[in-house]
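Trainee: what shape does this take:
(one chain, ligands or ions: 1)
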Amino acid sequence: MFQPDQYELIDFGDGEKLERFGPHVVRRQSPSVERYSTDKRRWQCDFQFARQPQPKWSPEQPADDAWSISHGRKRFQLKQSPSGQVGVFPEQADNWDWIDSHRTAIAGMKAINLFAYTGGTTMQLADCGVDVTHVDAAKPVVGWARQNAEASDLAAKNIRWIVDDAVTYLRRESKRKNKYQILVADPPSFGRGPKGAVWKIQRDLPEMFELLRSVTDDLEMLIVSCHTPQVTARDLRQLTVNNFSINQRSGETLGLKLKSAKKKVLDNGECFRWSAH
Ligand SMILES: C[S@@+](CC[C@H](N)C(=O)[O-])C[C@H]1O[C@@H](n2cnc3c(N)ncnc32)[C@H](O)[C@@H]1O
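Mentor: This is a model prediction of the structure:
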């Protein structure tokens, strides 16, 4: 988890979240919290993001005015992005802590991290001595991840930065017979590769798992998470069991949850994770 001085979910509900990222309190419209209710009369913030009538930050912050927060050794440079994100998904911190708890077992192994965004999991793996192939379709986001790794003093570690469609890259790696022992994927519901290839989770997840199997010889660790209501952690476990020789009951299905200062729990997605040790 993040230390509370680095990140805090203050409150959420009625379509908005109030969060503190280091020194700045951010209020954002978010469809994922429409089903919760809250009292917003005392909400105060430094920056606000509205989706309607059009995506807009206020006040707007100059792009070179990024600020940063840390989780362990990892440093995240944060800024206002047009989608309303600031550069980190704090609900993934539980997975970073879990990876850290396997540090000794995974050192020296090879990992592929798909849909890798600004590099939280990539940096965590690199910090544990893993060689990481970081794959994301968005070139600016891969550049951002690189900057985070540099700011965390992890850039000299063995990280390969790949701008590509996740499935296209996996097909290529499968043909080249490259192998990984650690598999990580955090696919969105919908996305586009840099050359226009379309990712649709409900159509493409089975092929992604088959390709993951083909690039693995000796599976050591797998973490697959998603944020699509139609795909549950149990579905992710079943796809893993179908493709890898692991026990039906092994591994862990979990919700990616964040607890607010008022102890309200926000569900931010589903995850299945498995480790050989
Ligand atoms: C939900 S974010 C992943 C969050 C990340 N795992 C983390 O914890 O920081 C989704 C990412 O998938 C990328 N993406 C979308 N479509 C893609 C595709 N077809 N291939 C590869 N990456 C894609 C986006 O650029 C974005 O960075």
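Trainee: so where's the stretch 1-150 of the chain uncertain?
Mentor: Within the stretch 1-150 of the chain, no stretch has pLDDT under 70.
Trainee: could you pull out the helices in it for me?
Mentor: 93-100, 103-106, 120-127, 139-151 (DSSP state H, counting those that start in this stretch).
Trainee: which one of these lies nearest to Ser70?
Mentor: Nearest of the helices of the stretch 1-150 of the chain to Ser70, taken as CB to CB: helix 139-151 at 9.3 Å. Quick note: C-beta positions are derived from backbone N, CA and C, even for glycine.
Trainee: most tightly packed of the helices of the stretch 1-150 of the chain?
Mentor: When those are scored by mean count of other CB atoms under 10 Å, the highest mean neighbour count falls to helix 120-127 (a mean of 27).
Trainee: thinking again about what came up before, now tabulate the helices of the stretch 1-150 of the chain in TSV and tack on distance to the ligand.
Mentor: Shown next, in TSV, are the helices of the stretch 1-150 of the chain (distance: least, CB to the nearest ligand atom, whole Å):
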stretch	distance to the ligand
helix 93-100	8
helix 103-106	18
helix 120-127	4
helix 139-151	5
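Trainee: and of the ones you listed, who's closest to Arg75?
Mentor: Comparison of the helices of the stretch 1-150 of the chain against Arg75 by CB to CB identifies helix 139-151 as nearest, at 4.3 Å.
Trainee: contacts (any at all) between the ligand and the very next helix or strand once past that closest one?
Mentor: Downstream of helix 139-151, the next assigned helix or strand under DSSP states H and E is strand 159-163. No - using CB under 6 Å from any ligand atom, strand 159-163 never reaches the ligand; the gap is at least 8.7 Å.
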